[in-house]
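[1] Got a sequence here, can you build the structure:
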Amino acid sequence: MIERHYFREKLLKTFDFEFGFCIPNSKNTCEHIYEFPVLDPDICEDMIANPFETRSDSFYFVDDKLIMHNKADYAYNGGLQQ
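    This is a model prediction of the structure:
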């Protein structure tokens, strides 16, 4: 899985995860804890002031073939209206 985090058009961080083999039709859990780089306080303020302009793309591969692509938008303003 490759995951990329953006604010507007700026790439903040890329993560590359490896998952082990999973038996077909089984239920599995996996947890990855990772650190995000410290962001400039001005970027953090912009991210809070501009909800849903922070985004991520997650790409899932099996045998180097893309099988799923998820997109997510984030709001860090606590649900407050602008």
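
[2] Find me the pLDDT at the residue nearest in space to the middle of the chain, would you?
    Central residue check for the chain by Cα atoms, centre = their mean: the C-alpha nearest the mean position is that of residue 56, 4.1 Å away. On pLDDT, residue 56 comes in at 97.

[3] is it in a bridge, and if so with what?
    residue 5, residue 72 (DSSP bridges).

[4] Share the number of residues neighbouring residue 59, please.
    14 (other Cβ atoms under 10 Å). (Glycine included, C-beta is placed from N, CA and C.)

[5] all numbers from here: first residue = 6
    In the new count, where the first residue is 6, that last one comes out as residue 64.

[6] Please enumerate the strands of the chain.
    Using DSSP state E, the strands of the chain run over 7-12, 15-21, 59-67, 70-79.

[7] among those, which is nearest residue 27?
    Ranking those by proximity to residue 27 (Cβ to Cβ) places strand 59-67 first, at 10.1 Å.

[8] list the contacts for the residue nearest to residue 64 when sequence neighbours are not counted?
    Residue nearest to residue 64 in three dimensions, not counting chain neighbours: residue 7, with 4.6 Å by Cβ to Cβ, 6 or more residues apart in numbering. Residue 7 is in contact with 19-22, 63-64, 66, counting by Cβ atoms under 8 Å, 6 or more residues apart in numbering.
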